[in-house]
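[1] Mind looking at a prediction? Sequence and model below.
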Amino acid sequence: MTPFREQNKTVIGAIGILAILAILAGSFSIDKIIGGDEYKAEFTEAAGLRPNDEVRVAGVKVGKVLSVDLAGDRVQVRFRVKDTNLGNRSRADIRIKTVLGRKFVMLSPDGDGRMEPGSTIPLGRTTSPFDITEAFRDLSTTVENIDDKMLAKNFQTLADTFRDTPQEVRASLQGLGRLSRTLSSRDAELRGLLDRARGVSQVLAERDNDLVAFFDQSSLVLQELQRRRAAISRLLDTTTELSEQLIALVRENRADLQPALAQLREVSAVLRKNQDNLDAGLQRLAPFVRIFANNLGNGRWFDTLIQNLVPPPLVTPGAFDQPSATSPAVRSGAAK
């Protein structure tokens, strides 16, 4: 085999360049390699839909949104789905996923045949949701721009103009006048309410990712509880059976348990009656236990002293005194 350094470097370089180009081409077309069909759908507005949002069929995720672009007076959404057969009358609707504004595309397959990949679902078979957050923002902006004094004056002028109209119409216009005056008198409170609503919506928008993660975790907990449903059901059934067996056991042994409980009650009464004596005995036992523990603390033996176990030694009185002059030994020494 020819060593690497002796091989044709031009051929090796060409092979390396071709390999790099193949890797780059594969990276740019990785989505196509993974599989799935691309389609487009036209909507009147994006309604907060973003790339990588889910595409569902009957509540099941089948793909994702690839892009959301403006095409003239409409919005064109490009998405990819897998293992989904879309007919020639299929619908696409933008639905609300969370209360914080996350969206997804709901597909409703319908019709005969099969839509060719790359086909577009027209505007007549798509719908966009009503964005409540945007509606409140528009409402707050509109209300702020209203001249409440001019509005009250207009209502009053309208009421004066229709003063000679029938009673029912006059009452309605007077009610409108009172309503306008009430709104005018509560202008500061209404503006404060709208400002607080705007602040709440802004906080919710800033915490969108955190709240979405919280809801996702909650759904995971619910899914886990659903998976553990059989185990929880078995636990409850076993607990019920155990309680029934305990009840049956008590019923069967009631004749034996009743005398035992009566005796136990008598014993507890005796102990309660002699509680002072028991306390005194424990107090007097404490010094003995302490000293006994000290005697056993030197090793595997104990030190103790028992007095008067044997009689004391008997010694003749005066045995250890000095001999007197009248003793026999002294007299015999003097005789010598």
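    That came through fine. Quick caveat: nothing in here was measured; it's all calculated off a predicted structure.

[2] For the chain, which segments count as strands?
    If DSSP state E is used as the criterion, the strands of the chain fall at 37-43, 54-57, 60-71, 74-81, 91-96, 103-108, 120-121, 126-127.

[3] Run through who's touching the fourth one.
    Pointing back at strand 74-81 there. Contacts of strand 74-81 from elsewhere in the structure, counted by CB atoms under 8 Å, 6 or more residues apart in numbering, are 31, 36-46, 49, 55, 57, 62-70, 92, 105, 107, 120, 123. The way it works is simple: take the backbone N, C-alpha and C, and place the C-beta from them, glycine included.

[4] Now, of those, which are buried?
    36-37, 39-43, 46, 49, 55, 57, 62-66, 68, 92, 105, 107, 120 (16 or more other CB atoms under 10 Å).

[5] Could you measure from Arg181 over to Gly175?
    To Gly175, Arg181 is 11 Å away according to CB to CB, to the nearest Å.

[6] Please say which of the two ends up with more neighbours.
    Counted by other CB atoms under 10 Å, Arg181 and Gly175 do not tie: Arg181 has more neighbours, with 15 against 12.

[7] give the contact list for the more buried one.
    The neighbours of Arg181, taking CB under 8 Å, 6+ apart as the test, are Ala152.

[8] Distance check, it against Gln156.
    For Arg181, the distance to Gln156 equals 8 Å [CB to CB].

[9] likewise Val55?
    Distance, Val55 to Gln156, using CB to CB: 55 Å.

[10] Repeat that for Ser67.
    Ser67 is 54 Å from Gln156, by CB to CB.

[11] Looking at the strands of the chain, spot the one closest to Ala262.
    Evaluated over the strands of the chain, closeness to Ala262 peaks at strand 60-71, with 67.0 Å, by CB to CB.

[12] What mean pLDDT does the closest one get?
    The pLDDT scores in strand 60-71 average 89.

[13] can you check stretch 241-248 too?
    Mean predicted confidence for stretch 241-248 is 87.

[14] burial of Ser184, as a residue count?
    17.

[15] is it true that it touches Leu151?
    Yes - between Ser184 and Leu151 a contact is recorded at 7.4 Å, counting by CB atoms under 8 Å.

[16] I'd like to know how far Asn209 sits from Arg102.
    Going from Asn209 to Arg102 by CB to CB gives 10 Å.

[17] Looking at those two, which is more packed in?
    Taking other CB under 10 Å, Asn209 and Arg102 do not tie; Arg102 has more neighbours (19 against 10).

[18] show me what contacts that one?
    Gly48, Asp53, Ile96, Asp208, Val212.

[19] what about the stretch 201-336 of the chain, any weak spots by pLDDT?
    For the stretch 201-336 of the chain, the stretches with pLDDT under 70 are 295-336.

[20] Per the annotation, how does the chain divide into domains?
    Listed by automatic domain parsing, the domain ranges of the chain are 36-129, 135-206.

[21] Out of these, which one sits most buried?
    domain 36-129 (a mean of 16; mean count of other CB atoms under 10 Å).

[22] how distant is the longest helix seen in the chain from the center of its chain?
    If you go by DSSP state H, the chain has its longest helix at helix 229-252. Remark: helix 229-252 is offset 30 Å from the chain centroid, using CA atoms, centre = their mean, to the nearest Å.

[23] again, but for stretch 218-233
    The answer for stretch 218-233 is 14 Å, by CA atoms, centre = their mean.

[24] With just CA atoms, put it into CSV.
    Taking Å, rounded to 0.1, in the frame of the first residue of the first chain, the C-alpha atoms of stretch 218-233 are listed here in CSV:
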residue,chain,number,x,y,z
SER,A,218,-48.2,20.9,34.9
SER,A,219,-49.1,18.9,31.8
LEU,A,220,-46.2,16.6,32.4
VAL,A,221,-47.5,16.0,36.0
LEU,A,222,-50.9,15.3,34.7
GLN,A,223,-49.5,12.9,32.1
GLU,A,224,-47.5,11.1,34.9
LEU,A,225,-50.6,10.8,37.0
GLN,A,226,-52.4,9.4,34.0
ARG,A,227,-49.7,6.8,33.5
ARG,A,228,-49.8,6.0,37.2
ARG,A,229,-53.5,5.7,37.2
ALA,A,230,-53.5,1.9,37.3
ALA,A,231,-51.0,1.8,40.2
ILE,A,232,-53.1,4.4,42.2
SER,A,233,-56.2,2.4,41.5
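
[25] Contacts for that stretch, please.
    Nothing outside stretch 218-233 qualifies as a contact, by CB under 8 Å, 6+ apart.

[26] dump the residue contacts of Val105.
    Neighbouring residues of Val105 by CB under 8 Å, 6+ apart: 41, 49, 53-56, 65, 77, 79, 92-95.

[27] That'll do, ta.
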